[in-house]
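J.: 3D, please:
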Amino acid sequence: MIDNDIAVGAGRIDRPANVPDDRVIDFNLYQLSGNGQNFDEPWARLYEAGRDHLGLLWTPHNEGHWIAANGKLVADVLSNAEYFSNRVTFVPKSTGEAHHMLPTNVDVPEHRNYRRLLNNGLSPRAVRNLHGTIREICGELIETFIADGRCDFMTQYAAHLPIRAFMGLVQLPIADAPMLKACSDAIVRASDGTSYAATRKQLEDYLRPFIEARLGKDGDDMLSDIINGKIDGRALTWDEMFKFCIQILIGGLDTVINQLGFMFLFLARNPEHRRQLVENPSLIPGAVEEIVRRYSIANTSREVRTDCEYAGVQLKRGDMVLAATPVVGFDEAFTDHARSVDFSRRSDFQVGFGKGNHICPGANLARAELSITLEEWLKRIPDFSLANDDDLVFGGGVVITVASLPLVWNT
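T.: Residues are numbered from 1 along each chain as shown. Take a look at the predicted model:
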């Protein structure tokens, strides 16, 4: 429901003159209401609210920002470099301005030069070479709890696989993974520039000796590829190296963990879909795409480049627009029976890994981790269910999270 009478309070601002009354909605990305049964209800409400307003709404929360609330607008905001800039990708804007990372916060055409430094480590060929390692990690993790007949999937599996795979990719000590994950969480969920600055300083102090040791040497790891790369024929500055390293740490340690959680939450609740994958593993790649379509969890933002008319309103230069990717899972305009999950569906409208020039560079690695997890898990544990829906706790933010996922099965 559209709320036309929202009081200004803590974390809120007055409605600017360019925002029509009927576009205002009471929506706070970081404080979403929902429960274990209906965790995606806030996103369904957001999508329904946007249907009668060309998909573009405005909220006074988090310093005030627009929200792209249908699939067409989400895809356009993410890919339209003429209207929208990557200079700031977090709301609130004051916090987002402090989160300057590479290559995320650089616009085209400069973005392409930075992006090339990731090609070797995250190319389809490079990721295929990691399949064996990922498969081995999956098996090792499952074997630690399979005989128990239960596990907390988030803490005993999801929190470990992407980190172990990523730490091998950049050749950092696996013992440091918990500290780096805590730093990643602090950055993604930082509420102000001060906490971000403190975490960045901690990461810089940690990374400096590794960078110094590998700089100018022929390493075979992704970290070495980046710090020894060149931009327009010049070496990277120290600041650029740190921004690059922090970005790949966040990308490798956060989103996939929670995407794994939502994938297994769906399968635990839907035994008929699980049986399809057990009986026909060839469906797994398509199943990954379909679950990411239905349950996208990344919420990124863009800054308006110039005053313009867009989706029936006047946007002002500097306005922030949140691309709410979870609403795509409800949008019938792009997917028939959008709320249903169909593993045989073939749809190219999937924004879970982004869209346009800034599509996630780690998408190949994420797909491999999700697919191989399904293959290895279902071979060992074909039937499982939720221990208790009431124990589920979800969080909003730049990445939607599930804190705990208790699963049970017969041994």
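
J.: wouldn't Val163 be in contact with Lys181 here?
T.: Slight slip there: residue 163 is Ile, not Val. Yes: using CB atoms under 8 Å, Ile163 is in contact with Lys181, at 6.1 Å. Every residue, glycine included, has its C-beta placed from N, CA and C.

J.: what is in contact with those two at once?
T.: Jointly contacting Ile163 and Lys181 under the rule CB atoms under 8 Å, 6 or more residues apart in numbering are Leu253.

J.: Who has more neighbours out of the two?
T.: Neighbours were counted for Ile163 and for Lys181 using other CB atoms under 10 Å; Ile163 has more, 23 against 20.

J.: can you confirm the more buried one is in a helix?
T.: Yes: counting by DSSP: H, G, I helix; E, B strand; the rest coil, Ile163 is part of a helix.

J.: Kindly provide the distance from Arg294 to Pro178.
T.: As judged by CB to CB, to the nearest Å, Arg294 and Pro178 stand 31 Å apart.

J.: For these two, indicate the residue with more neighbours.
T.: The residue with more neighbours, out of Arg294 and Pro178, is Arg294; 24 against 11, by other CB under 10 Å.

J.: got a list of what the more buried one touches?
T.: Arg294 sits next to 266, 329, 338-339, 341 when contact means CB under 8 Å, 6+ apart.

J.: of those, buried ones?
T.: The neighbour-count test (16 or more other CB atoms under 10 Å) applied to the contacts of Arg294 identifies 266, 329, 338, 341 as buried.

J.: From what I see, the last one and Gln276 are in contact.
T.: So that's Val341. No: using CB under 8 Å, Val341 is not in contact with Gln276; the gap is 10.3 Å.

J.: which phi and psi does the residue most central in space within the chain have?
T.: For the chain, Ala298 is the residue whose C-alpha lies nearest the centre (CA atoms, centre = their mean; 3.5 Å). Note on Ala298: backbone dihedrals following degrees, to the nearest 10 are phi -100, psi 130.

J.: Bridge partners for it, pull those for me.
T.: Beta-bridge pairing of Ala298 under DSSP bridges involves Val399.

J.: Quick check: the gap between it and Ile359.
T.: Distance, Ala298 to Ile359, by CB to CB: 11 Å.

J.: which residues are common contacts for the two?
T.: Common contacts of Ala298 and Ile359 (CB under 8 Å, 6+ apart): Phe353.

J.: what sits against the closest residue to Cys138 other than its chain neighbours?
T.: Closest residue to Cys138 apart from its sequence neighbours, by CB to CB, 6 or more residues apart in numbering: Glu376 at 4.0 Å. For Glu376, the contacting residues are 135, 138-139, 142, by CB under 8 Å, 6+ apart.

J.: and Glu376, what element?
T.: Element membership for Glu376 (DSSP states H and E) is helix 363-380.

J.: May I see the buried residues of that helix?
T.: The neighbour-count check on helix 363-380 (16+ other CB under 10 Å) flags 363-374, 376-378 as buried.

J.: Likewise for stretch 313-328?
T.: Across stretch 313-328, burial judged by 16+ other CB under 10 Å covers 313, 315, 319-328.

J.: Please identify which of those residues is nearest to Ala98.
T.: Comparing those against Ala98 with CB to CB places Met320 closest, at 14.2 Å.

J.: how close does that closest one get to Phe353?
T.: 22 Å.

J.: and if you look at Ser224?
T.: Separation of Ser224 from Phe353 (CB to CB) stands at 25 Å.

J.: Phi, psi for the residue nearest to Asp232 when sequence neighbours are not counted please.
T.: Computed as CB to CB, 6+ apart, the closest residue to Asp232 that is not its neighbour in sequence is Asn113, at 6.1 Å. The phi and psi torsions at Asn113 (degrees, to the nearest 10) take the values phi -60, psi -40.

J.: Same question for Glu97.
T.: phi -70, psi -30.

J.: Count the residues that sit near the nearest residue to it once chain neighbours are set aside.
T.: Leaving aside its chain neighbours, Glu97 sits nearest to Val88 (5.5 Å; criterion: CB to CB, 6+ apart). Val88: 21 surrounding residues under other CB under 10 Å.

J.: Just confirm Val88 is within a strand.
T.: No: Val88 is assigned coil when assessed by three-state DSSP, not a strand.

J.: any idea how far it is from His65?
T.: Separation of Val88 from His65 (CB to CB): 10 Å.

J.: okay, and the common contacts of those two?
T.: 301, 320.

J.: what's near enough to touch the residue lying closest to Glu240 once chain neighbours are set aside?
T.: Among residues not flanking Glu240 along the chain, Leu102 sits closest, at 6.0 Å (CB to CB, 6+ apart). When contacts are counted by CB under 8 Å, 6+ apart, Leu102 touches 114, 240, 243-244, 247.

J.: Take stretch 235-252, keep the C-alpha atoms, and write them as PDB.
T.: C-alpha atoms of stretch 235-252 as PDB (Å, rounded to 0.1, in the frame of the first residue of the first chain):
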ATOM      1  CA  ALA A 235      51.000   0.300 -12.700                       C
ATOM      2  CA  LEU A 236      48.200   0.500 -10.200                       C
ATOM      3  CA  THR A 237      48.600   2.900  -7.200                       C
ATOM      4  CA  TRP A 238      48.500   1.500  -3.700                       C
ATOM      5  CA  ASP A 239      45.000   3.000  -3.200                       C
ATOM      6  CA  GLU A 240      43.800   1.200  -6.400                       C
ATOM      7  CA  MET A 241      45.300  -2.100  -5.200                       C
ATOM      8  CA  PHE A 242      43.500  -1.900  -1.900                       C
ATOM      9  CA  LYS A 243      40.200  -0.900  -3.400                       C
ATOM     10  CA  PHE A 244      40.500  -3.800  -5.900                       C
ATOM     11  CA  CYS A 245      41.400  -6.300  -3.200                       C
ATOM     12  CA  ILE A 246      38.600  -5.200  -0.800                       C
ATOM     13  CA  GLN A 247      36.100  -5.600  -3.600                       C
ATOM     14  CA  ILE A 248      37.100  -9.100  -4.500                       C
ATOM     15  CA  LEU A 249      37.100 -10.100  -0.800                       C
ATOM     16  CA  ILE A 250      33.500  -8.900  -0.400                       C
ATOM     17  CA  GLY A 251      32.400 -10.500  -3.700                       C
ATOM     18  CA  GLY A 252      34.000 -13.800  -2.700                       C
END
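
J.: buried residues in that stretch?
T.: For stretch 235-252, a neighbour-count test (16+ other CB under 10 Å) marks 236, 240-252 as buried.
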